[in-house]
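Asker: Show me how the following folds:
(2 chains)
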Amino acid sequence: MTSFTLNGRAVDVSAGNDTPLLDVLRNHLGLKGTKFGCGLEQCGCCMVLVDGVPTKSCGKAVSTVSGKTVLTIEGLGTPEHPHPLQAAFLDEQAGQCGYCLPGILVSAKALLDKNPAPTRREIAEALDDNICRCGSHIRILKAVEQAAATMRAAPGTQP
Amino acid sequence: MSAHPPLPALLETNPRLDQWVKFTAPGKVTVSTGRVEIGQGVLTAMRQIAADELDVSLDRIDLQTGDTDLTPNEGYTAGSQSIQYGGVALRLACAEVKSLLLDAAAARVGAKPEELAVSDGTVTRAGAPTGQDYWSLAASVDLSRRATASAKPKTARGEIGRNAPRVDLGGKVFGAPSFVHDMAVDGMVHARVVRQPRRGATVASINEGAIRRAAKGDIDILRDGNFIAIIGTDETVVDAAAAVAPGHVSWDGVDPINPGQEEGRWLLQRPSIDRNIGPEPVDPAPGQARYEASFTRMHIAHASVGPSSGVAVYKDGHLTVWSHTQGVYPLKAALAKTLKLDPAHISVRHAQGPGCYGHNGADDAAADAAVIAMRRPGVPIRVRWRREEEFGFEPVSPAMVTTVRVLLDNQGRPVDWTTEIWSGRHSSRPGSGGLLLAAEALPDPPPPMPAADPPEAGGGGGTRNGEPLYAFPAKRIIHHLVAETPVRTSSLRGLGATVNVFAIESAMDELAERAGMDPVDYRLAVLTDPRGKAVVAHVAKMADWRPGLPVGTGSGRGVGFAMYKNRAAYCAVVADVEVDEAVRVTKIWCAADAGLVINPDGALNQLEGGVIQGISWALKEGVRLDSAGISSRDWESYPVVRFSEVPEVFCELVGATADLPPLGIGEASGGPTVAAIANAVAQALGARLRDLPLSRERVMDALLKG
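Answerer: Sure, this is the predicted structure:
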């Protein structure tokens, strides 16, 4: 049994200690937003935030997040109350197939939480652990810049 | 004799109007397309086309897509043809439906059809409502009739040309289940296949005990011939078993391959099927200036960011398969053959997958699920390939050699141009002679597929864009289709065009230099197609192109141009690079003419994506081989471009006008991008690299030689 806080809610899961956090999220808790990409901690499709730190959940045993706080794409915002990043990604139409986006969005949230005014280069470096194969990079970088500006203009309003 | 024009091919194949448009629910229009969403935004564009032609708002359109029970058979969603052909067919069908409904309305209200108009589905006369709408009229019009393509699509535009937001992006941004990978059906179990290392390999032994011990949970091991699958309710357990299973199965009949075959030049030694397209080759006149150079590329991978997946269930004698295939009907036909099942008992439904960029593992993963489902009736089976499996077993784009041979006039302009191409096949899709991996592993495998390449009528495979668009007096292609390749090869975005445009445009720069001309001026001097000229001139303007930049300074600028397949969008690209030990692309400008553009932002998104994928192909990508086959099975050994390596990219649409038919844009920018980068690198180094990728190793070699 592992207990942790997921998207602001306490959860207890009975999965074996070695079960990858990704499998717990997708199969035990039914949150399909976080994706399997490689299982090798190389592509960032499975990125979540553990205590605010971008973490590849495919190689992270669930027992290691015991007592910690986990944020997934489902906890970032909702269509009714989108996080500024989600609003900006839709505004810029920053995506093609969209498979990489959940991981990219949470990586970007971690960046903006510690650096509210990143340069284009800082954003790119923060997203270097996330692979986008369709080539939506430019739009994604612009969307993160737009979200940063929104958040600076109205600090503390995002979920 | 009919005054009507012949039906476009897609209407001929799917001739009933109600295969395209139906009025089933009040206030809604059910529109069907055989095209499927592969990240290119086609669902959004098709809705725009239907809404525009029918004069209804977008939210009235219920779009059905890629379902063998519901939608037209449009073959594959491939080749940048969805809008150019599928969209045009849909538009004609919508125009005819609207015209029939207006005829019915006219009869009811006692007016002439031309006096009536439609506003969001409501029929009006002189701007006033007539009390009739599509839904009140639909019951009186039999849409199961044969299309005639007699109604002329309208010219005034509502939805067409508007940047409608993508219908599918919202869910994806909020993490809603959007992909076949995310399907969760009651009673579903997970499965992985232990892949036959290659065709003809037979199982010598399986250490099932070791596999079960590694699973640390219950698994079911299915074996039929050389098809082995691990099945279980807990995906973690199944994954743990699958990760070690390849080490616990030994195979006979696996001869080692020569890893040297990873380089394209190996193709020159191989037997091939040869043909000459165009005039017979000629000998140069005495003293005539000539040019010859060869360009190569390694095999490259689709490298979809998520490995392939498929879900299947066989219940009450009927097989239902969900797949991110590019062609539900061809997959259904291939499954019927593989499973020896009547096609009437198979339904294939498209469900989205990660971007595929061509024929990757999608069809094979679906077949895996189907084969297992047939052997476990009633149980929904979800297969998700492992990353190593996708890289190791998806069909890759073949390695190529393209040699350009030119005879020149006394002004240094080509008078006789030969593009000689060596390549493996560019299609092994199920439905074009290709085989599903599962079929090869089951008992009684089908015979090997005969060597074949996509026909010229479809834009060719290895020969794609082998003919330059430039107005040279004589142009020919010599094609060597190399029948046997070390690994399975098939279609990847651009097919042969990527290498051929790289070769042709590199040669153009070398010829310009010989003629003492600026590369842009040289192209404009030999290009007579006005739209092609306009695109080249536009990108030069965007980039503030100036002739006479110095050579060999470590900074370079290059241009590349092509009209995709010589029948889809025109595209020109300028690249700026910095080269020290490695190449860094610092800026890209891209201009394209795609005729009538349904969704400009969607088209730009495709151009940008092609540019960035082109950067990755140019600088980084090449499938590595060892004696067992593909050895580059992760993102370390098969690197692709990352965020920090992406330059500023500026794309613009030029010449877009409602008067010209749409031209496919999805694959237009890749080849010109690779060519522009190669030309920029040549200028930066003062030496030309002719082998892709332009990796650090190859740059260092060139510097050491120089």
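
Asker: and the helix ranked longest in chain A, what's its mean pLDDT?
Answerer: Ranked by residue count under DSSP state H, the longest helix found in chain A is helix A:137-153. Helix A:137-153 shows a mean pLDDT of 97.

Asker: helices or strands next to it in the packing?
Answerer: helix A:84-91, helix A:101-114, helix A:120-126, helix B:600-619 (3 or more Cβ pairs under 8 Å, 6 or more residues apart in numbering or on different chains; DSSP states H and E). C-beta: built from backbone N, CA, C; applies to glycine.

Asker: in that helix, what's buried?
Answerer: Neighbour counts using 16 or more other Cβ atoms under 10 Å in any protein chain shown place A:137-148, A:150-151 of helix A:137-153 among the buried residues.

Asker: With stretch B:626-638 instead?
Answerer: Of the residues in stretch B:626-638, those buried (16+ other Cβ under 10 Å) are B:G629, B:I630, B:S631, B:S632, B:R633, B:D634, B:W635, B:Y638.

Asker: and what of stretch A:111-128?
Answerer: Here stretch A:111-128 shows A:L111, A:L112, A:P118, A:I123, A:A124, A:A126, A:L127 as buried, counting by 16+ other Cβ under 10 Å.

Asker: filter these down to the ones close to chain B.
Answerer: Among the buried residues of stretch A:111-128, the ones lying near chain B by Cβ under 8 Å from any Cβ of the partner chain are A:I123, A:A124, A:L127.

Asker: now these as a markdown table including pLDDT?
Answerer: Listed next are those as a markdown table, based on pLDDT from 0 to 100:
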| residue | pLDDT |
| --- | --- |
| A:I123 | 98 |
| A:A124 | 98 |
| A:L127 | 98 |
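
Asker: Put together TSV for these, with distance to B:H302 on each row.
Answerer: Putting those into TSV (distance: Cβ to Cβ, whole Å) gives the following:
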residue	distance to B:H302
A:I123	27
A:A124	24
A:L127	22
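
Asker: now, among those residues, which is nearest to B:S309?
Answerer: Ranked by distance to B:S309 (Cβ to Cβ), these are led by A:L127 at 24.9 Å.

Asker: I'd assumed A:A143 was in contact with that closest one.
Answerer: No. A:L127 lies out of contact with A:A143 (Cβ atoms under 8 Å); the separation is 11.0 Å.

Asker: Which residues of the stretch 1-150 of chain B lie near chain A?
Answerer: Checking the stretch 1-150 of chain B against chain A by Cβ under 8 Å from any Cβ, the hits are B:I38, B:G39, B:Q40, B:G41.

Asker: Report the separation between the two terminal residues of stretch B:629-640.
Answerer: 20 Å (Cα to Cα, to the nearest Å).

Asker: is chain A contacted by it?
Answerer: Yes. Using Cβ under 8 Å from any Cβ, stretch B:629-640 comes into contact with chain A via B:D634, B:W635, B:E636, B:V640.

Asker: distance between that stretch and the chain's centre?
Answerer: In terms of Cα atoms, centre = their mean, to the nearest Å, the centre of stretch B:629-640 is set 21 Å apart from its chain centre.

Asker: Report the mean per-residue pLDDT for it.
Answerer: 98.

Asker: what bridges to B:V348?
Answerer: B:V321 (DSSP bridges).

Asker: right, so the helices and strands packed on helix A:137-153: which one is the most enclosed?
Answerer: Greatest average neighbour count among the helices and strands packed on helix A:137-153 goes to helix B:600-619 (a mean of 27), per mean count of other Cβ atoms under 10 Å in any protein chain shown.

Asker: Report the rounded mean pLDDT for it.
Answerer: For helix B:600-619, the mean confidence score works out to 97.

Asker: Give me the pLDDT value at B:R386.
Answerer: If you check B:R386, the pLDDT there is 98.

Asker: State the distance from it to chain A.
Answerer: Going from B:R386 to chain A by Cβ to the nearest Cβ, to the nearest Å gives 7 Å.

Asker: pretty sure that residue contacts B:P307?
Answerer: Yes. At 6.3 Å, B:R386 counts as touching B:P307 under the criterion of Cβ under 8 Å.

Asker: Contact partners for the residue of chain A most remote from its centre?
Answerer: For chain A, the C-alpha farthest from the mean C-alpha position belongs to A:M1; by Cα atoms, centre = their mean, that distance is 24.4 Å. Neighbour list for A:M1: A:D12, A:V13, A:S14 [criterion: Cβ atoms under 8 Å, 6 or more residues apart in numbering or on different chains].

Asker: For the second one, give the beta-bridge partners.
Answerer: I take that to be A:V13. Beta bridges link A:V13 to A:T2, judged by DSSP bridges.

Asker: Run a quick neighbour tally on it.
Answerer: By other Cβ atoms under 10 Å in any protein chain shown, the residues close to A:V13 number 18.

Asker: picking up where we left off before, and the buried residues of stretch B:626-638, which two are furthest apart?
Answerer: Among the buried residues of stretch B:626-638, B:G629 and B:W635 lie farthest apart (Cβ to Cβ), at 18.2 Å.

Asker: taking the buried residues of stretch B:626-638 one by one, which sit in strands?
Answerer: Those of the buried residues of stretch B:626-638 mapping onto strands are B:G629, B:I630, per DSSP state E.
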